[in-house]
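**Student:** 3D model of this:
(2 chains)
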Amino acid sequence: MTSTLPLRVALVGNPNCGKTALFNQLTGSRQKVANYAGVTVERKAGRLTTPAGRPVQILDLPGTYSLNATSPDEAVTRDVCRGVYKGEPAPDLLISVLAATNLRLHLRFALELRQLGRPMMIVLNMIDAVRKQGLEIDVPRLQAELGVPVVTAIGVKRGGAASIVQALDEPVPPPPTPLPEGTDLHAEIRRLMALCVRRTSTRQPQFDARLDRWVLHPVWGMLILLVLLFIMFQAVFSWAQPFMDLLQNGMDQLGEFVGTLLPEGILRSLIVEGIIAGAGTVIVFLPQILILFLWILALEESGYLPRAAFMLDKLMASAGLSGRSFIPLLSSFACAVPGIMSTRTIQNPRDRMVTILIAPLMTCSARLPVYALLIAAFVPSRTVLGLFNLHGLVLFALYAAGVLSALVVARVLKKRDTAEHPLLMELPSYRVPGLQSLCIELWQRARIFLSRVGTIIVTLSVIMWALSSFPAPPAGAAGPAIDWSLAGRIGHLMLPLFAFIGFNWQICVALIPGLAAREVAVSGLATVYSVGASEGDAATQLAPLLSAHWSLATAFSLLAWYVYAPQCFSTLAVIRRETGSWRLVWVSVAYLFGLAYLASFLTYHITRFFTG
Amino acid sequence: MRLNELPLECQGIIDHVAPATPADPIARRLEEFGFVPGEPVKVVAFAPFGGDPMAVEIGFTRFALRRSEAARVVMQPPQDSAETLNALDPALHTAPPAQTEEA
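**Tutor:** Model prediction:
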């Protein structure tokens, strides 16, 4: 059977039914990830062609436990299934995916969908694992009882979705007749289970129970969590470094190479310093982001992530958040961009918003060059208590200041929010993550980062370039070129405001390129003070210069500024992309600016008071 | 007795879910998760830092919930549920009680 119009089907199911693996299996790389209009819910669609040549368009709806939506993504699923979602025609066929290993829970939602009276098909996924439970499901009987086609699948095995593709070649099944209004679905589930599920052996699934005895243990579980987090940090910071250096070198060399091709002038400057350097600041983060996401995806797919949330819920609850906020916040120590991207695992919209707002307060790796420079220049290298280096202690204090402020901000933001936000969640069965699915998901993240976030950053860095290059200094002018540019003038204009917190005009000018990426502030300072060009040289030459020119109060004030530092453009771009609105972008700019100013003001004046 | 009072590794039978407010979304989600009358439930873990939240098992599924959420689940008195627990088919409803000698 062939038709010109593609058959529109929607995959629906509980979270953890293995729907995503099945979707990846069915569509491979032929999928498109976007957002539903007006909401930040991810819309995943893909295509396939059946053996008989029928084109099929598959929509992967967000996982939900019921049609009583409690979050925006569940509302999308509900409305699409009912065929009332604006801009999304009703699917021709609902494919209700059930984990065969968890029929008792998943049948309820399937029955709820059946009540809609739309053409549907049921897929018993993970059918291979049922035998390991010592159970057997009578599929023909289940099909007869439900009155809809029932097929089996193994989402994580190559070719495990073949029966679904075959079934899609059949004519669309007639819609089932709903059960009478008010039927107790749980009673119906018990009836179906008694009829269709048989025990074949006395074997019991013990694996989850055994593992959970360790993983959820108050002491051992915490230890396992700490080890996992330690390895994750190690991976993000050290394993990524060689790749980041490689990319940085590559981009530098590309810049140099292109520089030799083009004649000296505005065009060369635009391409080399604006576009290539701007893109470079984005691409350099890619290894960190990929490693972090590989780690998070593996933890998520394996079923560990909800358990980590369980272990840390109490800790996060003290800040008014739930355990789910922990991983995004932790990731933000590497970079707020992947951290904010990983807030997708937080279902509660308000918790997600608060987490996005406080993520930039986690000291990201881009702030390290700034901290390192200022600490080396102003803090004496002394041993404290015979054990700690004063440099290390100051660095630790800066990190701690960020974390504590984040907790306070979260508390304040959640203060007016008196509604009870439930933790209530499923702890899914442990699974070995499928490699194919993992790769596809990772590729999606990389693409979102490079294309969506990248375009905004490159645009902004071109603007930044223009600001710091125009107008060019007049012939024979003294002083650095940036001083003559618009950025320089803006720096001078900023001075009256920033003089209160001890900044001189040089700092003000350096703050402007520092907006593109925080570590650029170091090379910005180098430009203003006319010392070496590359970042490494700049830092060694700058340190003595700064300690001669700046007071201690000014240096500490700048350190305090960078604890809160109104974010880099990449962060703002990703907030825009993840929340789908500019409102949160402006809110975070404003509140971080306010905090930074306040902290610098206090630091400056208190330090001045003590140092005279 | 409520679910939040059930000790570790103990199994009980759900009597009903008592909503905290007339339209309590948490109570509704509990019911959707299968916290329904007659269903056996077992406590499998308590979180660090004071034992809140807790993890429970219904059938083959494990759930994490805060104690305030578990307090909505009213349990049958233990003496009434002992017989029912023994008569249940473990395959269809829940795993058998843990082998305690392992611990």
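**Student:** secondary structure class of the residue lying farthest from the centre of chain A, three-state.
**Tutor:** Ranked by distance from the centre of chain A (CA atoms, centre = their mean), the top residue is residue A:476, with 49.4 Å. Assigned state for residue A:476: coil (three-state reduction, DSSP: H, G, I helix; E, B strand; the rest coil).
**Student:** same for the host helix or strand of residue A:337, what does it pack against?
**Tutor:** Using DSSP states H and E, residue A:337 sits in helix A:336-341. If contacts are counted by 3 or more CB pairs under 8 Å, 6 or more residues apart in numbering or on different chains; DSSP states H and E, helix A:336-341 sits against helix A:286-302, helix A:326-331, helix A:569-579. No exception for glycine: its C-beta is placed from N, CA and C like everyone else's.
**Student:** residue A:200: neighbour count?
**Tutor:** Residue A:200 has 12 neighbours, counted by other CB atoms under 10 Å in any protein chain shown.
**Student:** that one touches residue A:136, doesn't it?
**Tutor:** Yes: counting by CB atoms under 8 Å, residue A:200 sits close enough to residue A:136 to count as a contact (4.7 Å).
**Student:** picking that back up, any idea of the mean pLDDT in the helix holding residue A:337?
**Tutor:** The average of the pLDDT scores along helix A:336-341 is 81.
**Student:** tell me which helix or strand comes right after it.
**Tutor:** Heading C-terminal from helix A:336-341 (DSSP H and E), you reach helix A:349-358.
**Student:** burial count for residue 10?
**Tutor:** You didn't say which chain, so I picked chain A. 23.
**Student:** my question was about chain B
**Tutor:** Using other CB under 10 Å: residue B:10 sits among 14 other residues.
**Student:** hang on, the earlier thing: can you give the distance of the helix holding residue A:337 from its chain's centre?
**Tutor:** With CA atoms, centre = their mean, to the nearest Å as the basis, helix A:336-341 stands 4 Å off its chain's centre.
**Student:** quick one: contacts of that helix?
**Tutor:** Where contact means CB atoms under 8 Å, 6 or more residues apart in numbering or on different chains, the residues beyond helix A:336-341 that reach it are A:285, A:288-289, A:292-293, A:328-333, A:356, A:359-360, A:362, A:364, A:445, A:448-449, A:453, A:567, A:570-571, A:574-575, A:578.
**Student:** hmm, try it at 7 Å
**Tutor:** A:285, A:289, A:292-293, A:328-329, A:331-332, A:356, A:359-360, A:362, A:364, A:445, A:453, A:567, A:570-571, A:574-575, A:578 (CB atoms under 7 Å, 6 or more residues apart in numbering or on different chains).
**Student:** likewise stretch A:493-512?
**Tutor:** A:467-468, A:482, A:487-488, A:490-492, A:521, A:524-525, A:528-529, A:553-554, A:557-558, A:597, A:600-601, A:604.
**Student:** can you list the buried residues in it?
**Tutor:** A:494-495, A:498, A:501-512 (16 or more other CB atoms under 10 Å in any protein chain shown).
**Student:** go ahead and report the secondary structure state at the spatially closest residue to residue B:37 that is not a sequence neighbour.
**Tutor:** Spatially, and ignoring its direct neighbours in sequence, residue B:37 is nearest to residue B:16 (5.2 Å; CB to CB, 6 or more residues apart in numbering or on different chains). Using three-state DSSP, the structure places residue B:16 in strand.
**Student:** show me the strands in the chain, by range?
**Tutor:** Using chain A here. In chain A, the segments counted as strands under DSSP state E are A:7-13, A:31-35, A:42-49, A:55-60, A:93-99, A:120-125, A:135-137, A:150-152, A:197-199, A:383-384, A:388-389, A:425-427.
**Student:** try chain B instead
**Tutor:** Going by DSSP E, chain B shows strands at B:11-17, B:40-46, B:54-58, B:61-65, B:73-75.
**Student:** want to try JSON lines for those strands, with mean neighbour count and mean pLDDT as columns?
**Tutor:** Shown next, in JSON lines, are the strands of chain B (neighbours: other CB atoms under 10 Å in any protein chain shown; pLDDT from 0 to 100):
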{"stretch": "strand B:11-17", "mean neighbour count": "20", "mean pLDDT": "92"}
{"stretch": "strand B:40-46", "mean neighbour count": "22", "mean pLDDT": "93"}
{"stretch": "strand B:54-58", "mean neighbour count": "23", "mean pLDDT": "94"}
{"stretch": "strand B:61-65", "mean neighbour count": "25", "mean pLDDT": "92"}
{"stretch": "strand B:73-75", "mean neighbour count": "20", "mean pLDDT": "94"}
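**Student:** so which of these gets nearest residue A:398?
**Tutor:** strand B:61-65 (34.4 Å; CB to CB).
**Student:** neighbours of the residue in the stretch 351-500 of chain A that chain B sits nearest to, how many?
**Tutor:** Nearest residue of the stretch 351-500 of chain A to chain B, counting by CB to the nearest CB: residue A:427, 4.0 Å away. As a burial measure, residue A:427 scores 25 neighbours (other CB under 10 Å).
**Student:** next one: the residue most central in space within chain B from residue A:471, what distance?
**Tutor:** Closest to where the C-alpha atoms of chain B average out (CA atoms, centre = their mean) is residue B:41, at 3.5 Å. Distance of residue B:41 to residue A:471, given as CB to CB, to the nearest Å: 74 Å.
**Student:** same check on residue A:408?
**Tutor:** For residue A:408, the distance to residue A:471 - CB to CB - is 44 Å.
**Student:** can you point out the buried residues in stretch A:246-264?
**Tutor:** Quick answer for stretch A:246-264 (16+ other CB under 10 Å): A:247, A:251, A:255.
**Student:** spit out the contact partners of the closest residue to residue A:441 other than its chain neighbours.
**Tutor:** Distances taken as CB to CB, 6+ apart place residue A:297 nearest to residue A:441, at 5.3 Å, with adjacent residues excluded. Residues near residue A:297 by CB under 7 Å, 6+ apart: A:438, A:441-442.
**Student:** comparing residue A:408 and residue A:471, which residue is more hemmed in?
**Tutor:** For residue A:408 versus residue A:471, neighbours defined as other CB under 10 Å are more numerous around residue A:408 (14 against 11).
**Student:** my read: residue A:324 touches residue A:342, true?
**Tutor:** No: at 10.2 Å, residue A:324 does not count as touching residue A:342 under the criterion of CB atoms under 7 Å.
**Student:** residues of the stretch 401-550 of chain A that sit close to chain B?
**Tutor:** A:420, A:422-427 (CB under 7 Å from any CB of the partner chain).
**Student:** tell me the most packed of those residues, by neighbour count.
**Tutor:** residue A:423 (27 neighbours).
**Student:** contacts only, for it.
**Tutor:** Here residue A:423 is in contact with A:313, A:322-323, B:53, B:64-66, B:69 (criterion: CB under 7 Å, 6+ apart).
**Student:** cool, and residue A:607?
**Tutor:** Per CB under 7 Å, 6+ apart, neighbours of residue A:607: A:552-553, A:556.
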